[in-house]
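[1] Take a look and give me a structure for this.
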Amino acid sequence: MIPYGRQNISAEDIAAVTAVLQSDCLTQGPQVPLFEQKICEFTSAKYAVAANSATSMLHLACLALGVGDGDYVWTSPITFVASANCALYCGGKIDFVDVDRHTGNMCPKALQSKLKQAKAQNRLPKVLIPVHMAGHSCDMQAIWQLAQAYGVRVIEDASHGIGGSYLDSKIGACKYSDITIFSFHPVKIITTAEGGVATTNNPDLAESMQLLRSHGITKTPEKMLRPEEGDWYYEQHELGFNYRMTELQAALGNSQIKRLSSFVEQRNKLAAAYLIELAKLNITCVVPLDNSYSAYHLMIVVLPEHIDRKAVFDAMRAANIFVHVHYFPVHLQPYYLNKGFAEHDFPEAEYFYQHCLTLPLYPDLTEQEQGYILDTLTGLL
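    Below you'll find the predicted structure:
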């Protein structure tokens, strides 16, 4: 079977994790802060905060930005459900901004229109979460300018995006956002098995997320009410969570990040080969903006309207090619339908979903496997 995504685990990765297993610290040791440091070095962000998943980091990012009861958070309907759920964890309300059907990313024109209407209704969001679909950056400069004009904070959901760049900055530098979130699930660009990181240039936001990821507890003497108690002593200052990343996860990340740039380079080479062949079939591909360099987490094509996507999907799976679909629009999930969303609320997102198909893409995909995928797809069109 050819999966749509697959992790690359080296002997060095295994040795790094094994070394932690043989050490004194399986959690809360030197590996996690080292991983955070490496993320900062790679992205040029001033601060990085690691947790057990990107979902956890989205939650903490919303809390750090003050999302609470009744506050609106807007995100894309073309994303994994975590991008929306994080607002509800805080007691907030969720709404969506339609996408550009050609990119699957949040549409700045749709955002501008929705912000203008929301201001007139006194229902502006507190936080906006654009999603870098497939590793392709949203038009963050346009989104940031609109957010600034309306007093809205921005979290980049770059779960797909580490290793990519936009204009003159790495994704994660937070030039056009308050916080950026990365995911290290096994199908992502690099993996920590499960894990996530937030980057920010704001020390207060970093400190808040650090506190909240570990029960709201601090052992920093200058922050304590009773620092004289002794070294055993700690204080809880907030209602936090156990969202800590383990040393095992961080050790794997510290090994994987050495190959991050080469992984992304190989993904782009494979994507370029796909683009050449798919153009011959008149298949539209979801590609990055001209002013960005994609991490190419996913290779998404948009099939012509006359093609039966489900028939193609089933036939590809029957041929042991594990194509996928990213994503079923969040607003059409039963949970969100029960909150009042309905079909046709976000027509561009629904069009994108109805015609998109994800082809296998990962660094170890061979030329022969890619040829087989393309030959199989060609025979179905």
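[2] domain assignment for the chain?
    11-259, 260-380 (automatic domain parsing).
[3] most packed of those?
    The highest mean neighbour count among the domains of the chain, using mean count of other CB atoms under 10 Å, belongs to domain 11-259: a mean of 20. (C-beta placed from N, C-alpha, C; glycine too.)
[4] Tell me the span between the first and last residue of it.
    13 Å (CA to CA, to the nearest Å).
[5] That one: how far from the chain's middle?
    In terms of CA atoms, centre = their mean, to the nearest Å, the centre of domain 11-259 is found 9 Å from the chain centre.
[6] about what we covered before: quick one: the domains of the chain as CSV, columns for distance to residue 3 and mean pLDDT too.
    Converted to CSV, these look like this (distance: least, CB to CB, whole Å; pLDDT from 0 to 100):
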stretch, distance to residue 3, mean pLDDT
domain 11-259, 8, 97
domain 260-380, 5, 97
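[7] The ones you listed into JSON lines, with extra columns for distance to residue 1?
    Shown next, in JSON lines, are those (distance: least, CB to CB, whole Å):
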{"stretch": "domain 11-259", "distance to residue 1": "14"}
{"stretch": "domain 260-380", "distance to residue 1": "5"}
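[8] out of the ones you listed, which comes closest to residue 2?
    For residue 2, the closest of those is domain 260-380, at 5.0 Å, according to CB to CB.
[9] Report the separation between the residue of the chain positioned farthest from its centre and residue 222.
    Going by CA atoms, centre = their mean, the residue of the chain most distant from its centre is residue 228, 42.3 Å out. Applying CB to CB, to the nearest Å, the value for residue 228 to residue 222 is 12 Å.
[10] Dihedrals phi and psi, residue 149?
    Here is the backbone geometry of residue 149 (degrees, to the nearest 10): phi -60, psi -30.
[11] Got the phi and psi for the closest residue to it other than its chain neighbours?
    Spatially, and ignoring its direct neighbours in sequence, residue 149 is nearest to residue 115 (7.9 Å; CB to CB, 6 or more residues apart in numbering). According to degrees, to the nearest 10, the main-chain angles of residue 115 amount to phi -70, psi -40.
[12] tell me the contacts of the nearest residue to residue 226 once chain neighbours are set aside?
    Nearest residue to residue 226, sequence neighbours excluded (CB to CB, 6+ apart): residue 233, at 6.8 Å. Listed by CB atoms under 8 Å, 6 or more residues apart in numbering, the contact set of residue 233 reads 219, 224, 226, 227.
[13] Same question for residue 42.
    Each residue near residue 42 by CB under 8 Å, 6+ apart is listed here: 162, 170, 172, 257, 260.
[14] Roughly how far does the residue positioned nearest the centre of the chain sit from residue 295?
    Compute the mean C-alpha point of the chain, and by CA atoms, centre = their mean the closest residue is residue 159, 1.5 Å away. To residue 295, residue 159 is 10 Å away according to CB to CB.
[15] again with residue 257
    Distance, residue 257 to residue 295, using CB to CB: 13 Å.
[16] Kindly report the same for residue 347.
    According to CB to CB, residue 347 and residue 295 sit 28 Å apart.
[17] Then residue 227?
    Plainly put, residue 227 is 44 Å away from residue 295 if you go by CB to CB.
[18] for residue 270, same thing?
    13 Å.
[19] ends of stretch 187-197, how far apart?
    From the first residue to the last, stretch 187-197 extends over 16 Å; the measure is CA to CA.
[20] mind listing the helices for the protein?
    Assigned by DSSP state H, the chain shows helices spanning 11-21, 31-43, 54-64, 82-89, 108-120, 140-150, 203-212, 247-256, 260-280, 309-318, 334-337, 347-355, 367-380.
[21] Distance to residue 186 added to those, as JSON lines?
    Below are the helices of the chain laid out as JSON lines (distance: least, CB to CB, whole Å):
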{"stretch": "helix 11-21", "distance to residue 186": "12"}
{"stretch": "helix 31-43", "distance to residue 186": "17"}
{"stretch": "helix 54-64", "distance to residue 186": "13"}
{"stretch": "helix 82-89", "distance to residue 186": "16"}
{"stretch": "helix 108-120", "distance to residue 186": "32"}
{"stretch": "helix 140-150", "distance to residue 186": "27"}
{"stretch": "helix 203-212", "distance to residue 186": "24"}
{"stretch": "helix 247-256", "distance to residue 186": "10"}
{"stretch": "helix 260-280", "distance to residue 186": "13"}
{"stretch": "helix 309-318", "distance to residue 186": "20"}
{"stretch": "helix 334-337", "distance to residue 186": "25"}
{"stretch": "helix 347-355", "distance to residue 186": "24"}
{"stretch": "helix 367-380", "distance to residue 186": "19"}
